[in-house]
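Asks: Sequence plus the predicted model coming up.
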Amino acid sequence: MNELTADVLVAGGGPAGAWAAVKAAEAGASVVLADKGYLGTSGATASAGTGVWYVEPEPAARETAMASREGLGGHLADREWMARVLDQTYANMNELAEVSKYPFPVDEDGRQIRRGLQGPEYMRRMRVRVRRAGVRVLDHSPVTELLADGSGAVAGAAGYHVREDRPFSVRAGAVVLATGGCAFLSKALGCDVNTGDGALFAAEAGAELSGMEFSNAYAIAPAFTSVTKTAFYSFATFYRSDGSVLEGAGSRRGRSVIARTLLSEPVLCRIDQATPEEQRAMRLAQANFFLPFDRQGIDPFTDLFPVTLLAEGTVRGTGGIRIAGADCSTTVPGLFAAGDAATRELICGGFTGGGSHNAAWAMSSGTWAGRGAARYAAGLGGRAAARPVRALGEAGVRPSGRAAGGHAEHVAAVQAEVLPYDKNLLRTGDRLAAALASLDGTWRELRGTLREDGAGVVRARSAAAMAAHARWMYNAALARTETRGMHKRLDLPEQDPAQRRRLVTGGLDEVWTRPEAGALAVAS
């Protein structure tokens, strides 16, 4: 039971992982899915509802949908990828209705409205579908490192059964990393499992990352809860503590105004621009948004309430593992990436797609990665299980010096450099450089000493992943000497036409960043 074999291993049990597992199984592959939590209940999607970038296949509507984010994202998105995602999302949402019998709401004409999903119900049905597809599910079994064959191709992964307190390994022909983004344990709802582990594994295998400078997403939340549903705040007015309107503050544009004000005083909010019809629609669409208010006797449409900003990193940012092919393959043979673990620059450029674009990307990239991994594994024939393998994990599992514990101290050191607004959101070159110097020191220390036994390996690896993410983010942010998308440099506030290209980042002990060379990832 400790050593399994499969054609495809999927690491992660959010929507991207679930779709990847289903589609790989439907393609004829034997599939194991290993989730850090419990497939169907863990992660950002399962904790809440989400809009979906679902657009009818009507040319004008599709054109409007694609154009809506191009400027916001600094014109770094790719039209071919956007069109592919719209096509695949349309098919998958229809599949949810027809195969999974998802109970979409209906309009006055009785037509289903397929522009959103309730996370708990969505993921409950995806778990059923995964199991019915014959996938072997390993709950509470986080992957901790990849395995590779002699050529460097990924050949499986190792992990730890937390509930059973024992390690496991899966020899596989291909691996799909769908482990989610990195929110740095900021307490954003559902993001306790999102520590960026998959990107660390990918980098150890030699994969590249892209868009890491666009990883400073902060979501608006009531100060008394972790619920981050920023879309509703487009109907809000923000106020200073004295009751005066906070000019320039907003959800789409103006979060930096909120951040600057929070450094010195509370910020209050009231969702006072929604009509009665819109208020009713909000309660139907996102019931959990209102639960904390109702418990405290607050009407957010009429009462003032304090807000804060919670870091969501690459969960809502667009940075992640670089996609090298239409099947969501990476630059490493046998390794595929999907969902928030992968870059979303292809459809969002340098600005967050919020929940809707990310939900569409998760089901689309999961579909392509699952099918691609199944094809790759099939091409190996019977050689996959017989290949000699080696483990690739380093920081947090195989330190370069004398081993010691202390993952919590390293996590706190990383959080001190990435959570404060005046370092990560209100960026300047000097602040970034100082934070990066501190993070480099944290990395050297944990790389030299961090290792924990038993289930502690999971926490140690997460600490290493967060440190790696922070260093990739700030290296890329220093390399992009302009303001573009969500990457705003206060010392360089203008957009530079010469820098309209994506940045590729990689490395662990020595981090590097360079402009993407050649054509963009092929979408056809």
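Replies: Great, that's in hand. Numbering: from 1, shown residues only.
Asks: Need the three-state assignment for the closest residue to G485 other than its chain neighbours.
Replies: Leaving aside its sequence neighbours, G485 sits nearest to G350 (CB to CB, 6 or more residues apart in numbering; 2.3 Å). Glycine gets a C-beta too; all of them are placed from N, C-alpha and C. The local conformation at G350, judged by DSSP: H, G, I helix; E, B strand; the rest coil, is coil.
Asks: Is G350 in contact with R484, as I believe?
Replies: Yes - the pair G350 and R484 qualifies as a contact (CB atoms under 8 Å) at a distance of 5.2 Å.
Asks: Which neighbours do the two have in common?
Replies: G74, L76 (CB atoms under 8 Å, 6 or more residues apart in numbering).
Asks: picking up where we left off before, roughly how far does the residue nearest to G485 sit from G74?
Replies: As defined by CB to CB, to the nearest Å, G350 lies at a distance of 4 Å from G74.
Asks: neighbour count winner among those two?
Replies: G350 (27 against 24; other CB atoms under 10 Å).
Asks: Quick check: phi and psi at the more buried one.
Replies: phi -100, psi 20 (degrees, to the nearest 10).
Asks: so how far is R127 from it?
Replies: Taking CB to CB, one finds G350 at 34 Å from R127.
Asks: what's near enough to touch the residue nearest to G485?
Replies: G73, G74, L76, G211, E213, F214, T318, R484, G485, M486, H487.
Asks: what about 6 Å?
Replies: G73, G74, L76, F214, R484, G485 (CB atoms under 6 Å, 6 or more residues apart in numbering).
Asks: So which bits of stretch 497-516 are buried?
Replies: Of all the residues in stretch 497-516, those buried under the rule 16 or more other CB atoms under 10 Å are Q499, R502, L503, V504, T505, G506, G507, L508, V511, T513, E516.
Asks: Show me what the lengthiest helix in the chain packs onto, helices and strands only.
Replies: When the chain is parsed with DSSP state H, its longest helix is helix 354-379. On a contact count with 3 or more CB pairs under 6 Å, 6 or more residues apart in numbering; DSSP states H and E, helix 354-379 meets strand 3-11, helix 15-26, strand 49-51, helix 79-98, strand 166-177, strand 335-337.
Asks: Run the chain-centre distance for the fifth one.
Replies: Between the mean C-alpha point of strand 166-177 and the mean C-alpha point of its chain there is a distance of 21 Å (CA atoms, centre = their mean, to the nearest Å).
Asks: Return the list of helices and strands in contact with that strand.
Replies: Going by 3+ CB pairs under 6 Å, 6+ apart, strand 166-177 lies up against strand 3-11, strand 154-161, strand 335-337, helix 354-379.
Asks: What pairs with the first one, parallel or antiparallel?
Replies: Translated: strand 3-11. strand 31-34 (parallel), strand 166-177 (parallel) (DSSP bridges).
Asks: ok, back up a step: nearest to Q273, out of the helices and strands packed on strand 166-177?
Replies: The closest of the helices and strands packed on strand 166-177 to Q273 is helix 354-379. By CB to CB, the value is 18.4 Å.
Asks: I'd like to know which elements the helix or strand that comes right after that closest one is packed against.
Replies: Following helix 354-379 in sequence order, the next helix or strand is strand 390-391 (DSSP states H and E). Judged by 3+ CB pairs under 6 Å, 6+ apart, strand 390-391 is in contact with strand 143-148.
Asks: Do me a favour and average the pLDDT over the strand it packs on.
Replies: The average pLDDT within strand 143-148 is 98.
Asks: Now do that strand: everything it contacts.
Replies: With CB under 6 Å, 6+ apart as the criterion, strand 143-148 contacts 11, 34, 154-160, 201, 205, 389-393, 457, 461.
Asks: I'd like the buried residues of stretch 497-516 laid out as CSV, including distance to T314.
Replies: Formatted as CSV, the buried residues of stretch 497-516 follow (distance: CB to CB, whole Å):
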residue, distance to T314
Q499, 21
R502, 15
L503, 14
V504, 15
T505, 12
G506, 15
G507, 17
L508, 17
V511, 16
T513, 16
E516, 18
